[in-house]
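Participant: Need the 3D shape of this:
(one chain, ligands or ions: 1)
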Amino acid sequence: MKKLCALVLAGIMLIALAAGCSGGDGGVKTYKVGVSIYKYDDNFMTLYRQEIESYFKTLETDTVKYNVTMMDGKGDMVEQTNQVENFIAQKVDVMIINLVQSSSAATITDKAKAANIPVVYINREPSADDMNGWDKISYVGADAKQSGTYQGEIIRDLADNGDINGDGVVSYVMLVGDPENTDAQYRTEYSIKALTDAGIAVEKLFEQRGDWDTAKGQELAANALAQFGGQIDVIFANNDGMAMGAIQAIKTAGRTVGQDIYLVGVDAIPEAVDAIAAGDMTGTVLNDHIGQSHTAVDAAVRYMSSESVDKYLWVNYQKVQ
Ligand code: GAL
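Facilitator: Numbers count the residues shown, from 1 in each chain. The predicted model follows:
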């Protein structure tokens, strides 16, 4: 009799365990989320992805759990497409995708649609056409035009309107992120537009891509400084990562921010905020990774609860000086 009781008990325990694991029963529901980040080795997206993970944790309750699988796209679209296929094979409930190439959105959407798995795209905006590809895809981002405009306004509003060498024209260097990306395109265009709209004369001395990267930013800024020296009034960096590199190049060239050159970035990563406080940088624009990651996770949760989600969810930038 004792033996029988033990067996029955063991049986009950096994069933309870199995129910718990399946995630659908036993009172606990576990949702599966697949996240792919275009590249882990990116200052801003590192802050962003860490916040996605910690914010999901804060939303967990005794009865709702999130099983988040996060992958490094390694800057390789083929690799990222494989990751998406794996997420689909694992039957995730939703995907959050920071595309390696925004132009590949349609390929990813088609795969997700065939499996009926909603997608929240983040940070790299797909084209308007691609965003119309399915009603269960959304984009969470910030308006890149606004960040460019704010960069330009930070320079425009200086006492000398950015013309630090006083020759009547703001001669500038532009460190471009990744030209395929609307963030890079609009920051490049709108930072200068804020100056020309104010009637300030500008001259472009140098414009090259640095892929958002500190080492590349340093190399490009060093080249520009060697080529154009005292002609340069302002270095515009499409992001703080490259601006951090530019700070080193400026110091090596014996120049001083605020005295004979200006430097402005975007993101407000902690290193840039420190650099502004130390006088090594003129200003930056806060790219709100907290607001964006929370908005993206909230959208993913809404999709998983079959609630309606807006196609576009925008988060504002803020000037930091
Ligand atoms: C931008 C950000 C850059 C870089 C890029 C990646 O919004 O300012 O630092 O992270 O996204 O797509």
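Participant: Kindly report the residues of the stretch 151-300 of the chain close to the ligand.
Facilitator: Counting by CB under 6 Å from any ligand atom, the residues of the stretch 151-300 of the chain close to the ligand are 177, 181, 183, 212, 239, 241, 266-267, 287. C-beta here means a position set from N, CA and C on the backbone, and glycine is covered the same way.
Participant: What is the nearest of these to the ligand?
Facilitator: Of all those, the ligand sits closest to residue 239, with 3.4 Å by CB to the nearest ligand atom.
Participant: measure residue 317 to the ligand for me?
Facilitator: Counting by CB to the nearest ligand atom, to the nearest Å, the gap from residue 317 to the ligand is 10 Å.
Participant: List the contacts of stretch 208-223.
Facilitator: Identification of contacts with stretch 208-223 by CB atoms under 8 Å, 6 or more residues apart in numbering yields 42-44, 173-179, 184, 206, 235, 237-239, 241-246, 248-250, 252-253.
Participant: Dump the C-alpha coordinates for that stretch into CSV.
Facilitator: Output of stretch 208-223 as CSV, limited to C-alpha atoms (Å, rounded to 0.1, in the frame of the first residue of the first chain):
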residue,chain,number,x,y,z
GLN,A,208,33.2,60.0,-44.5
ARG,A,209,31.6,56.9,-43.0
GLY,A,210,32.8,55.7,-39.6
ASP,A,211,30.1,53.0,-39.0
TRP,A,212,29.2,54.4,-35.6
ASP,A,213,32.6,53.1,-34.4
THR,A,214,35.0,54.8,-32.0
ALA,A,215,38.3,53.6,-33.6
LYS,A,216,37.0,54.6,-37.0
GLY,A,217,35.8,58.0,-35.7
GLN,A,218,39.3,58.6,-34.3
GLU,A,219,41.0,57.7,-37.6
LEU,A,220,38.7,59.8,-39.7
ALA,A,221,38.9,62.8,-37.4
ALA,A,222,42.7,62.5,-37.4
ASN,A,223,42.8,62.4,-41.2
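Participant: Of the contacts of stretch 208-223, which belong to helices?
Facilitator: Secondary structure from DSSP state H places 43-44, 184, 241-246, 248-250, 252 of these in helices.
Participant: Neighbour count added to the residues you listed, as JSON lines?
Facilitator: Shown next, in JSON lines, are the ones in helices among the contacts of stretch 208-223 (neighbours: other CB atoms under 10 Å):
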{"residue": "43", "neighbour count": "20"}
{"residue": "44", "neighbour count": "20"}
{"residue": "184", "neighbour count": "23"}
{"residue": "241", "neighbour count": "29"}
{"residue": "242", "neighbour count": "30"}
{"residue": "243", "neighbour count": "32"}
{"residue": "244", "neighbour count": "24"}
{"residue": "245", "neighbour count": "23"}
{"residue": "246", "neighbour count": "31"}
{"residue": "248", "neighbour count": "16"}
{"residue": "249", "neighbour count": "21"}
{"residue": "250", "neighbour count": "24"}
{"residue": "252", "neighbour count": "13"}
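Participant: Any chance of a markdown table for those, columns pLDDT?
Facilitator: Below are those laid out as a markdown table (pLDDT from 0 to 100):
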| residue | pLDDT |
| --- | --- |
| 43 | 96 |
| 44 | 98 |
| 184 | 97 |
| 241 | 98 |
| 242 | 98 |
| 243 | 98 |
| 244 | 98 |
| 245 | 98 |
| 246 | 98 |
| 248 | 98 |
| 249 | 98 |
| 250 | 98 |
| 252 | 98 |
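Participant: how about residue 230, secondary structure?
Facilitator: helix (DSSP: H, G, I helix; E, B strand; the rest coil).
Participant: Not including adjacent chain positions, what is the nearest residue to it?
Facilitator: Spatial nearest neighbour of residue 230, excluding adjacent residues (CB to CB, 6 or more residues apart in numbering): residue 165 at 6.1 Å.
Participant: And what about residue 65, helix, strand or coil?
Facilitator: Of the three states, residue 65 takes strand under three-state DSSP.
Participant: which one of the ones in helices among the contacts of stretch 208-223 is nearest the ligand?
Facilitator: Checking these against the ligand by CB to the nearest ligand atom gives residue 44 as the nearest, at 3.4 Å.
Participant: Contacts only, for that closest one.
Facilitator: Contacts for residue 44 (CB under 8 Å, 6+ apart) come out as 212, 239-241, 267, 269, 287, 289.
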